[in-house]
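*Asks:* have a look at this prediction, sequence included:
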Amino acid sequence: MGSGLRTWADGEIVTASNINGYLQKQVLVCCTSASRPASPEQGMAIYETDTDRIRVYDGSSWNVMFRQSYTSHTPSYTNITVGNGSTTNCKYGRVGNQIHYRGRFTLGSTSSIGGTIAVDLPVTAASGVHSGTVMYSISSALYMGGSWTPSTGTLQFKTVGSTGNQNANATNPGTFANNDYFEWNIVYEAA
């Protein structure tokens, strides 16, 4: 069976062996997660119809390269009493090792914030470096901020002010109350 790239001559007859050995390895194979090719070669790509994922074989395992849809995530918060507050639009998507994570928490009348605001990550981070924004709405005033991962499993919220980056908490960037919210939209590398 052939492999790699082949130049075809005019008039040459294409055989089943040619298709199986040359052409099949140059297209995206449709299958299910249970019916992946039995003898894949490194670099082979498949589309799993049951998971909506594109995977590429690295020589020893199938790695997710693209997933069409986002996955819902129910986050755990640090220094927040959820009470009757609500989390909305909390989802993440993965392309290779890149994670896109977004969500919003709206405080209810029985919600409260203690220390530095933090939320868990849906996928363990590779390091403390990522990019993204955080927005706070306090008494209808909007504040922009940033975030960072002090550990590979937590996203901690920051504010940007005249004195530099500071931890977001019950009184910074303002005093949080009923119907105020904070939302995040970040990208980071998975471990």
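*Replies:* Received the coordinates, thanks.

*Asks:* contacts for the helix or strand harbouring residue 56?
*Replies:* In the assignment (DSSP states H and E), residue 56 maps to strand 53-57. With contacts defined as CB atoms under 8 Å, 6 or more residues apart in numbering, strand 53-57 is touched by 28, 33, 36, 40-48, 62-68. The C-beta positions use only the backbone N, C-alpha and C, and glycine is treated the same way.

*Asks:* pLDDT on it, on average?
*Replies:* What strand 53-57 shows for mean pLDDT is 87.

*Asks:* all helices for the chain, in order.
*Replies:* 16-18 (DSSP state H).

*Asks:* where does pLDDT dip in it?
*Replies:* Along the chain, segments meeting pLDDT under 70 span 1-5, 20-27, 66-68, 128-129, 131, 149-150, 161-164.

*Asks:* find the centremost residue of it, please.
*Replies:* With distances taken as CA atoms, centre = their mean, residue 99 lies nearest the centre of the chain, 2.5 Å away.

*Asks:* contact partners for it?
*Replies:* The neighbourhood of residue 99, defined by CB under 8 Å, 6+ apart, consists of 92, 93, 121, 122, 123, 125, 187, 188, 189, 190.

*Asks:* ok, so of the residues you listed, who is nearest residue 115?
*Replies:* residue 121 (18.5 Å; CB to CB).

*Asks:* and that closest one, what is it in contact with?
*Replies:* 99, 101, 149, 152, 153, 154, 155, 188.

*Asks:* thought residue 170 was touching residue 114?
*Replies:* Yes. The criterion here is CB atoms under 8 Å, and residue 170 meets it with residue 114 at 6.6 Å.

*Asks:* show me what contacts residue 134?
*Replies:* Contacts of residue 134 (CB under 8 Å, 6+ apart): 144, 145, 146, 147, 157, 158, 168, 182, 183, 184.

*Asks:* figure out how far the longest strand seen in the chain is from the centre of its chain.
*Replies:* In the chain, ranked by residue count with DSSP state E as the criterion, the top strand is strand 125-138. Here strand 125-138 is found 13 Å from its chain centre; the criterion is CA atoms, centre = their mean, to the nearest Å.

*Asks:* sort out which residues of it are buried, please.
*Replies:* Buried positions in strand 125-138, judged by neighbour count with 16 or more other CB atoms under 10 Å: 125, 130, 132, 134, 136, 137, 138.

*Asks:* show me what the fourth one is bridged to.
*Replies:* Using DSSP bridges, the bridge partners assigned to residue 134 are residue 145, residue 184.

*Asks:* still on that earlier bit, make JSON lines out of the buried residues of strand 125-138 and add distance to residue 14.
*Replies:* As requested, the buried residues of strand 125-138 are arranged in JSON lines below (distance: CB to CB, whole Å):
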{"residue": "125", "distance to residue 14": "48"}
{"residue": "130", "distance to residue 14": "48"}
{"residue": "132", "distance to residue 14": "50"}
{"residue": "134", "distance to residue 14": "56"}
{"residue": "136", "distance to residue 14": "62"}
{"residue": "137", "distance to residue 14": "62"}
{"residue": "138", "distance to residue 14": "67"}
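
*Asks:* please consider this matter closed, and thank you.
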